[in-house]
Structure formats: structure tokens, C-alpha cells
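Novice: here's a sequence, model it:
(chains A and B)
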Amino acid sequence: MDIYLIDYWAQSGHSRWHQASALAKISGTALTIAAVVLSGDIFVLVAIYLLLAAVVAGTRLDTRRILLIAAYPGLFAVLFALSRWDGDWLTPATIIAKALTAALATVLLIVTTPYPDIFAALQRVFPRLVGDALFLTYRAFFLTLESMEHLLTALRLRGGLVPGHYLSNGRNIASSLGLLLINSLDLSQRLYDVLSVRGYSGRLAGSDRWRRLSREDWPPLGLGVLALALSLAGRAGWLFGLGGRLILVAMALAVLVIVLLYPRWGSHEPAVSAVD
Amino acid sequence: MSHIHIPDGVLPFWLWGPGYALALAIVAYISYRQRTADLRRRLPLLGVLAAVMLVGMSTEIVPIAYHLNLTVLAGIIVGPSLGFIAAFIVNFILSLFGHGGVTTVGLNTLLIGAECALGYYLFRLLGRATLSRLQSPALAAGLATALTLLVTTSALIGIVGLSSVDPGKARDTGPLDAATLSLENPFQEGVITSRLLNPEEERAGDFYTRNSGVSLARFAAVVYLLGFLGWIIEGTITGLIVSYVYRVRPGLLRESGNR
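Specialist: Coordinates of the predicted model:
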């Protein structure tokens, strides 16, 4: 996973979205997720997804790569959606659209906001223990996934996974999971040592930068309100049937195309290139 | 198997609202109590174990609609209190990924947190009885996992019964048809079919509200049947992992007895 790249994008971007406060972006993201949660209408979900993609393109970060990162939870949603198959493709499609849209809203937040600002804000909502643990889980999740990927590759290359040998395969996978757990515990010890060296005394410190409001805060809040309004309108039946919904998606697509054609629209600075 | 995959907007507020309140109250109480404990050392451990649980829960075994929970394992390593916090974090993050609803985070935290606590105490109890004879904690961990999942799955059925939600929509059953208890081809009506293209079906309601005709007893039978397979898989894997940890880092399991 591109966790270092995500950090780099969040720290080095100069778009208007980057300049908005973490508080505004978190509020906008919460409204967007509320819209996703409330909506069961695939057209509304696709329209919100396209609008979010337009914002990503407007930040002048690596749009394709960010969309791929945001599609990652979609892979899990595909499996979940298949298990909910009821003979109608709309059911799994809606589940996948929900997962992709919620994930893109979250990824947009993390690629445009330095993570200390995000967790400084969350620590105000949750108890200290939960806020700090959320932060550490976020850091550890991607590293654990990467370790597991490497372990499974090593297992395959060394003949630990042989087709048809279910018992030995199962035993080897369980041992790999055990090794992953031990590695993760070592990782947690290293993390604690690093935190101690940097002055950790039971609370992760955050700056007040996350709540400094400015006029750049209106776009993220506006997008969240728009997403919620679309979702509620869809539930109330105010989108004029299939035709109205198709027009909605076409308009969102037009916004995305315009931003892709005129990338300077959302940014003050040249594009941020990948560093890995 | 033991946590709820019901989408938002289905469960009544009187059920998920107090569930949230109770889960947050327990989280607040544990956070308050942990201020005096050796929290600094265990906090990174909590984060890493929550991440491991997250990896397990994100990987679904499609044919039986089951995913690993690793909750009992987390309970054994970090104890019941931090296990409950890990359960809240995992459910919160999973709900953002679309796995379970945001409104069900409270109820799911209660179920998964109970798994961590019950698994921890059962492992200690069974471990004392078996470790001296078998020289391996695998059996104790496997049995603790299976028994814990049996209890929490029963609690899940109780919640569905209380909620008066259509049981057929409360849990994924994969290709097993809960209404007929038979394995059916989910593509029998064709791959390309949709309520958008079939207005009559659209009028019958969306997938949140359509009645599946599944009674609570039938739902319980399906969940116990699929769950039984899942408990064997999860119990075996947890047993093997704990056995591995016992061989490589036995101190971790000895520490767990002091929580």
C-alpha cells in the first residue's frame, strides 16, 4: 500500500482542497458518508463518486493512483456483494458503489490532510485511548497487509502452498498468520520505542492547525451538503425517475471531464509527482 | 459470523441507539480505568492487534459467507478490556468500508467485545485444564474459540429476533437458500437481470425491505449450520496460531494470564 505516498501527497499538495481546514474536510467527509449510508440509489451513488473523482483531479495529485487506492476496499466489497447475490445485479452493484464512494471520500480526506491533523480532530471526539488507538491502527493496517502479502508470496515460492494438499496448506497458512502476529507485535514494540524517543507520555500530541477556519473551507463543506441533499432527494423520489437520475450522472460526469481538461481550475501550484 | 451485516436504515432506533450508548459507555469506562494501567506500553500493541483483526475480517471465505474474526486471539493477547476497544475500532473502520452499517457499530462492538472477553476467560479456564497434559495450548484455544462463537452467534440471533427485522436479510447465507434450506444456483434467473429493467419487481420494494419469507427459527437453523463450519475453521486456525505463538514467544500467553 502507498502509505508513504499518501503522507507525501497530504503534506506537499497546494490545492484549494489542501488549504481547507481538517475540521471542514472531516465534516464534509462525514456528510458524504452519511449520504452514502442513507442512499440505496445507484445513480446518486455514482454521481457522488464522479464529483469526488472531479475533486481528486482538481487537486493535481496522481488521480489514477488515488482512484486505485480508493478501489482497494471495493475488492472486499465485491466478495461481500457476491455473497448477497439475489439474482439482481443491482443489489451487489449498489453495495460496491456504496463501498467505493465511501472509500473515495475517506481517501480524498487522507490524501489532502496531514494525518496528525486528522487524528488531532478525532481525538477531540473520542476518548484519548480510542483516538490514539485509531491512529495506531491506521498506521499498522497497511503495514500488516503488506507483511501478509510478502509472507504469502514467500510461502508460495517455497512450496508451502501445494494444490490439493489442504491439511498442510492450512497448517502453513496458520503458521504464517502466527508469524504475522509475532512480526506485528515486534512492530508495535518498535513503534512504542520510537514514540518514547519522541517524547510520548500517554497522549499523542496534535497541533491546533486542524481547526483554523478559512474561506477555503466552503468547497469541502459544500460538497458534503450537496451529496447529502442528493441522497435525501433520491429517497424522497424528487429525482424525476430514471431520466432525471441519468441527467444527474451525466452532469457529474461533465464536471469530471471539465476538471480533467482544465486541471489548473482547482490548484495554485504545479502538479505533485509521485516519489516512490 | 457473530456480527451483524445489516445495512443502515433497517434496525429500529430503539435497538441500535441504546446499543451505541452502551458500547460507548463501556469504551469510556475502560478508557478511564486504563489511565492508571500500563497503557503506554500496550497502546501500540492494541493498534497492531486491531489491524490484524481488520485484515482477518476483510477476507471473506465466499462459499460459506464467513470471514475470520480473530477476536478470541485478540482477547487472549491483549485481554478483555483492550479487546473491547479493539472491537470498537475494527467495527468503526469496517463500517467506513461498507462492511456492516454505521448504525450497527454499537451492537457489533458489544458482540465482538463479548467475544474477546469470553474467549479470554474460556482460554484461561481450558488452558489450565489441558496445558499440563498436552503441552500445547492449541486445543484450549480452538475449543475456547468455538464455544465463544456459539454463544455470540446465539446473541446475534437474539438481536435479530428482538429487532423484528426480516431474518432473511440479517445475515449472508451465500448460495444456501434460507427459505428452502437448499443450495441453489444464484444465477438461475440469468446474470443480467435488474429491478431497473423489471419495473414489477421494483414496485415490490428494494432489497432492504422485501420480505424473504424466512422465519426466525429458519434463520437460526441456517446461521447455526453455516456457523458450525465457520467455528471449526476459526477454531482450528486460532488453535494453530496460538500453538505457534506458544512455541516462538511463550511469554505472550503467560502475560495474558495477568490481565
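Novice: now for the closest residue to chain B within the stretch 101-250 of chain A: which residues touch it?
Specialist: In the stretch 101-250 of chain A, the residue that lies nearest chain B is A:L136 (2.7 Å; C-beta to the nearest C-beta). Where you see a C-beta, it was placed from the backbone N, CA and C, and this is true even at glycine. Neighbouring residues of A:L136 by C-beta atoms under 8 Å, 6 or more residues apart in numbering or on different chains: A:188, A:191, B:43-44, B:46-48.
Novice: and the furthest pair within those residues?
Specialist: For the contacts of A:L136, the farthest-apart pair by C-beta to C-beta is A:L191 and B:L46; their separation is 11.2 Å.
Novice: give me the neighbour count for the nearest residue to B:S95 once chain neighbours are set aside.
Specialist: Nearest non-adjacent residue to B:S95, counting by C-beta to C-beta, 6 or more residues apart in numbering or on different chains: B:V102, 4.7 Å away. Look at B:V102: counted by other C-beta atoms under 10 Å in any protein chain shown, it has 21 neighbours.
Novice: thought B:V102 was touching A:I33?
Specialist: Yes: if you go by C-beta atoms under 8 Å, B:V102 and A:I33 touch, sitting 7.3 Å apart.
Novice: ok, the residue of the stretch 101-250 of chain A closest to chain B to B:Y120 distance?
Specialist: 21 Å (C-beta to C-beta, to the nearest Å).
Novice: and stretch A:161-169, what's its mean pLDDT?
Specialist: For stretch A:161-169, mean pLDDT rounds to 78.
Novice: what sits up against it?
Specialist: Contacts of stretch A:161-169 (C-beta under 8 Å, 6+ apart): A:152, A:155, A:160, A:172-173.
Novice: from the middle of its chain, how far away would it be?
Specialist: 35 Å (C-alpha atoms, centre = their mean, to the nearest Å).
Novice: repeat that for stretch A:102-114.
Specialist: Distance, centroid of stretch A:102-114 to centroid of chain: 5 Å (C-alpha atoms, centre = their mean).
Novice: what would that stretch look like as PDB? C-alpha coordinates only.
Specialist: Output of stretch A:102-114 as PDB, limited to C-alpha atoms (Å, rounded to 0.1, in the frame of the first residue of the first chain):
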ATOM      1  CA  ALA A 102     -17.400   6.000   1.000                       C
ATOM      2  CA  ALA A 103     -13.800   4.900   0.400                       C
ATOM      3  CA  LEU A 104     -13.100   7.600  -2.100                       C
ATOM      4  CA  ALA A 105     -14.500  10.200   0.300                       C
ATOM      5  CA  THR A 106     -12.200   8.900   3.000                       C
ATOM      6  CA  VAL A 107      -9.100   8.600   0.700                       C
ATOM      7  CA  LEU A 108      -9.800  12.200  -0.600                       C
ATOM      8  CA  LEU A 109      -9.600  13.300   3.100                       C
ATOM      9  CA  ILE A 110      -6.400  11.500   3.800                       C
ATOM     10  CA  VAL A 111      -4.500  12.500   0.700                       C
ATOM     11  CA  THR A 112      -5.300  16.200   1.200                       C
ATOM     12  CA  THR A 113      -4.900  16.400   5.000                       C
ATOM     13  CA  PRO A 114      -1.800  15.600   7.000                       C
END
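Novice: still on that earlier bit, got phi/psi on the residue of the stretch 101-250 of chain A closest to chain B?
Specialist: phi -70, psi -40 (degrees, to the nearest 10).
Novice: more neighbours, A:L191 and B:L46?
Specialist: Using other C-beta under 10 Å as the criterion, A:L191 and B:L46 rank with B:L46 on top: 29 against 20.
Novice: tell me where the stretch 51-200 of chain B has helices.
Specialist: B:71-96, B:105-134, B:138-163, B:199-203 (DSSP state H, counting those that start in this stretch).
Novice: counting residues, name the longest helix you see in chain B.
Specialist: Identified as the longest helix of chain B according to DSSP state H is helix B:216-248.
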